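Asker: sequence isn't available, so here's the structure alone:
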Ligand SMILES: Nc1ncnc2c1ncn2[C@@H]1O[C@H](COP(=O)(O)OP(=O)(O)OP(=O)(O)O)[C@@H](O)[C@H]1O
């Protein structure tokens, strides 16, 4: 099977400082990869390099495009990459305000992404937007309300609807449950798990929270100082971490 995403030797420096170094892995269709590590370990740098938001100093990110098969997204043209990020890719930010347009309605937020891929029929767009609001457990009657009137959990669910409405195949998530109350986090995780399964989504999830990866990720990469120190099946790493740093990470969480 062709990997959906093939990452080879991704390295990003900030001046002389290493953001991430020599990261390689394959992600297959329907697979969810978790990236964990302490603050400053390079998780966001790696995620942004993979999602085309940062240009790596070295390495390739090869994505199996629908139209032309595997393509290196690091060297593809900006318009091609932009089109990918509207169609096949989605990016869920930690702070919903970074992924939503707070000044337009909830329906507008979902509909905008449909229009970006060529949908023009107002009635269809509004209908799809309402359907998606319901799928993320937001009352369709709120379609004309602005996200500023929503709770933090609702804003995050709206961001997810906006991202998934165009049927992407790969979703990048940066701390999707960060900053939310524990009960709100649990509901969001349940929702995400259902959507990933129903849509057969592939996802890469950066998080501090091992409960998030335990629930969502098939595989895990543990990062420290910009490098991957351990990679493997999530349950295996969490139940029997091999690297001293992974052991510390797992035990420090268990003690909380
Ligand atoms: N714009 C930048 N300029 C200089 N150094 C940076 C920049 N962004 C990140 N770094 C450095 O690169 C390293 C990796 O940072 P990164 O944000 O990728 O880590 P992280 O694991 O995502 O951390 P966090 O969990 O706190 O978001 C850190 O040492 C950080 O200080």
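Answerer: Here it is on my side, so go on. Computed from a predicted model, the values in this text were never measured in an experiment.

Asker: which parts of this structure sit against the ligand?
Answerer: Contacts of the chain with the ligand, taken as C-beta under 6 Å from any ligand atom, map to 14, 17, 19, 37, 39-45. Every C-beta, even on glycine, is put in place using the N, C-alpha and C of the backbone.

Asker: from the residues you listed, which is closest to residue 104?
Answerer: Set against residue 104, the nearest of the residues of the chain next to the ligand by C-beta to C-beta is residue 44 (26.9 Å).

Asker: on that earlier part again, among the residues of the chain next to the ligand, which ones are buried?
Answerer: 19, 37, 41-45 (16 or more other C-beta atoms under 10 Å).

Asker: so of those, which ones are in strands?
Answerer: Counted as lying in strands by DSSP state E, out of these, are residue 19.

Asker: pLDDT and distance to residue 238 added to the buried ones among the residues of the chain next to the ligand, as CSV?
Answerer: Output for those, formatted as CSV (pLDDT from 0 to 100; distance: C-beta to C-beta, whole Å):
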residue, pLDDT, distance to residue 238
19, 97, 26
37, 93, 14
41, 94, 17
42, 96, 20
43, 96, 17
44, 95, 22
45, 97, 24
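
Asker: where does the stretch 101-250 of the chain have low pLDDT?
Answerer: When residues are selected by pLDDT under 70, none of them lie in the stretch 101-250 of the chain.

Asker: all strands of it, in order?
Answerer: For the stretch 101-250 of the chain, the strands defined by DSSP state E, counting those that start in this stretch occupy 170-174, 202-206, 219-224, 227-233.

Asker: residue ranges of each domain in this protein, please.
Answerer: Using the TED database, the domain parsing of the chain gives 27-56+77-88+169-255, 96-167.

Asker: residue 66 is nearest to which of those?
Answerer: domain 27-56+77-88+169-255 (6.5 Å).

Asker: with distance to residue 4 added, can I get the domains of the chain in JSON lines?
Answerer: Putting the domains of the chain into JSON lines (distance: least, C-beta to C-beta, whole Å) gives the following:
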{"stretch": "domain 27-56+77-88+169-255", "distance to residue 4": "5"}
{"stretch": "domain 96-167", "distance to residue 4": "14"}
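
Asker: okay if I get the buried ones among the residues of the chain next to the ligand as a markdown table plus distance to residue 113?
Answerer: Putting these into a markdown table (distance: C-beta to C-beta, whole Å) gives the following:
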| residue | distance to residue 113 |
| --- | --- |
| 19 | 29 |
| 37 | 31 |
| 41 | 31 |
| 42 | 29 |
| 43 | 26 |
| 44 | 23 |
| 45 | 26 |
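
Asker: and which of the buried ones among the residues of the chain next to the ligand is nearest residue 29?
Answerer: Set against residue 29, the nearest of these by C-beta to C-beta is residue 43 (23.0 Å).

Asker: find the nearest non-adjacent residue to that closest one, please.
Answerer: Nearest residue to residue 43, sequence neighbours excluded (C-beta to C-beta, 6 or more residues apart in numbering): residue 206, at 4.3 Å.

Asker: please name the bridge partners of the one you found.
Answerer: Beta-bridge pairing of residue 206 under DSSP bridges involves residue 35, residue 174.

Asker: just give me the neighbour total for it.
Answerer: 28 (other C-beta atoms under 10 Å).
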